[in-house]
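Compute the structure for the input listed below.
(one chain, ligands or ions: 1)
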Amino acid sequence: MTEQTSATPDALTLADLERRVEQQRQRPAHGHDALIACDRLVRIFAGQGGEVQALQGLDLLVAKGELMALVGASGSGKSTLLNILAGLDVPTAGGASVAGFDLLAMDSRSRLRYRREVVGFVWQQTARNLLPYLTAAQNVALPMRLSGIVKGRRQRAARTAELLEMTGVAHCRDRRPHQMSGGEQQRTAIAVALANHPALVLADEPTGQLDSATAEQVFATFHTVNEELGTTVVLVTHDTAVASAVHRTVAIRDGRTASEVLRRTTTDDQGRIMTTAREYATVDRAGRLQLPGDFTQALEIRDRVLLELEPDHITVRPDQAP
Ligand SMILES: Nc1ncnc2c1ncn2[C@@H]1O[C@H](COP(=O)(O)OP(=O)(O)OP(=O)(O)O)[C@@H](O)[C@H]1O
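The predicted structure is shown next:
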């Protein structure tokens with residue numbers, strides 16, 4: 001006689017399983033409360049010499065109201081990511097949403113609305129941000145006229161004046177770009193990016209063409225905008241002064257987020273303000289973790305490691321096997 005075994009463990013009834021499925025369905029989606037949620041984002045470019053995988057499963061969450069920096073070596077995928085978030089490029093695979101807009105599924109109409117109303121952009125090249133034959137005020141008013149969000153000439157003029165004041169370039173109101181310094185042009189560009197009340201402002205190397213004192217003023221403008229309007233700001237930068245002045249800097253390596261630095265400001269007993277910075281390695285959605293090269297080299301770690309689970313940490317040891 002053969003013994004009969006049940007495939008379902010005794011303790012689990014069909015009702016239990018149905019409850020589990022229901023709980024699973026009701027779990028909030030990945031990054032549901034974030035302004036930006038990138039989930040295993042992939043972007044492959046097909047070139048003459050073959051395919052380039054610019055983004056290789058990048059995960060990133062950015063909260064509403066954050067001011068953060070993206071850093072990484074040349075070719076690591078920063079601009080590719082920014083172009084996708086700006087709605088100018090479409091990922092090959094994965095998931096990406098900004099302020100509830102699904103960047104992979106938008107039709108051309110929602111893409112246009114997204115680019116006009118949800119996101120503002122500041123480029124590195126000052127000449128790319130402003131139309132040369134318009135004054136600063138006309139440049140700021142243009143996106144409002146195109147989108148129709150701010151109706152009426154008087155309302156547009158009032159918002160233009162307010163934005164030029166906030167970005168510190170009210171004195172450039174009637175000047176054309178060639179009559180302004182590089183820093184004034186970038187601060188006007190920030191006002192243009194803000195014209196339609198975007199939830200997010202993206203900036204690709206916005207201080208790249210400026211000397212360090214001017215760069216500091218432009219960065220201070222992003223800070224003001226973030227604090228006063230609550231606009232989320234994501235900056236790509238090679239400028240270490242900028243990268244170390246934000247609360248969170250995410251490093252991208254080979255098309256993935258590799259590590260991040262979080263800075264905390266505290267006040268000690270004597271009222272002195274201290275900033276502490278800690279570097280964290282990123283664990284992606286598949287559980288992958290990149291160990292920093294200087295750590296692995298110091299312990300001559302290659303190919304594989306021994307992992308041990310402890311109550312409150314995981315130990316990683318070099319493989320000592322012969
Ligand atoms: N349109 C494209 N066609 C083919 N390959 C591309 C294209 N755009 C980017 N790439 C490639 O994708 C990779 C990532 O490029 P990306 O410009 O995103 O890097 P980056 O980190 O912004 O670099 P940098 O700091 O130099 O601006 C690079 O290998 C680049 O050559």
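
Flag every residue of this structure that's near the ligand.
Within the chain, the residues that sit near the ligand (Cβ under 6 Å from any ligand atom) are Phe45, Gly47, Val52, Ala54, Gly72, Ser74, Gly75, Ser76, Gly77, Lys78, Ser79, Thr80. C-betas here are computed from N, CA, C, even on glycine.

Please name the residues that touch Val42.
By Cβ atoms under 8 Å, 6 or more residues apart in numbering, Val42 lies in contact with Gln53, Leu55, Gln56, Gly57, Leu58, Pro91, Thr92, Ala93, Gly94.

meant to ask about Gly120, not that
When contacts are counted by Cβ under 8 Å, 6+ apart, Gly120 is found next to Val192, Ala193, Leu194, Ala195, Asn196, Pro198, Leu200, Val201, Leu202.

Shouldn't Val250 be within a strand?
Yes. Assessed by DSSP: H, G, I helix; E, B strand; the rest coil, Val250 belongs to a strand.

Count the residues that sit near it.
If you count neighbours by other Cβ atoms under 10 Å, Val250 ends up with 25.

for it, which residues make a bridge with it?
On the basis of DSSP bridges, Val250 takes part in beta bridges with Leu70, Glu260.

And it, how far from Asp59?
As judged by Cβ to Cβ, to the nearest Å, Val250 and Asp59 stand 10 Å apart.

Give me the common contacts of these two.
Shared contacts of Val250 and Asp59, defined by Cβ under 8 Å, 6+ apart, comprise Thr257, Thr282.

where along the stretch 101-250 of the chain do the strands fall?
101-102, 119-122, 200-204, 232-236, 248-253 (DSSP state E, counting those that start in this stretch).

ok, the fourth one: who's next to it in the sheet?
In the sheet containing strand 232-236, the strands it pairs with under DSSP bridges are strand 67-71 (parallel), strand 200-204 (parallel).

Please name the nearest non-neighbouring residue to Leu61.
Distances taken as Cβ to Cβ, 6 or more residues apart in numbering put Ala34 closest to Leu61, at 4.3 Å, once the chain neighbours are dropped.

pretty sure the one you found is in a helix, no?
No. Counting by three-state DSSP, one finds Ala34 to be coil, located in no helix.

was I right about it contacting Ala63?
Yes. The pair Ala34 and Ala63 qualifies as a contact (Cβ atoms under 8 Å) at a distance of 5.7 Å.

residue contacts, the residue nearest to Leu61?
In this structure, Ala34 makes contact with Leu61, Val62, Ala63, Lys64, judged by Cβ under 8 Å, 6+ apart.
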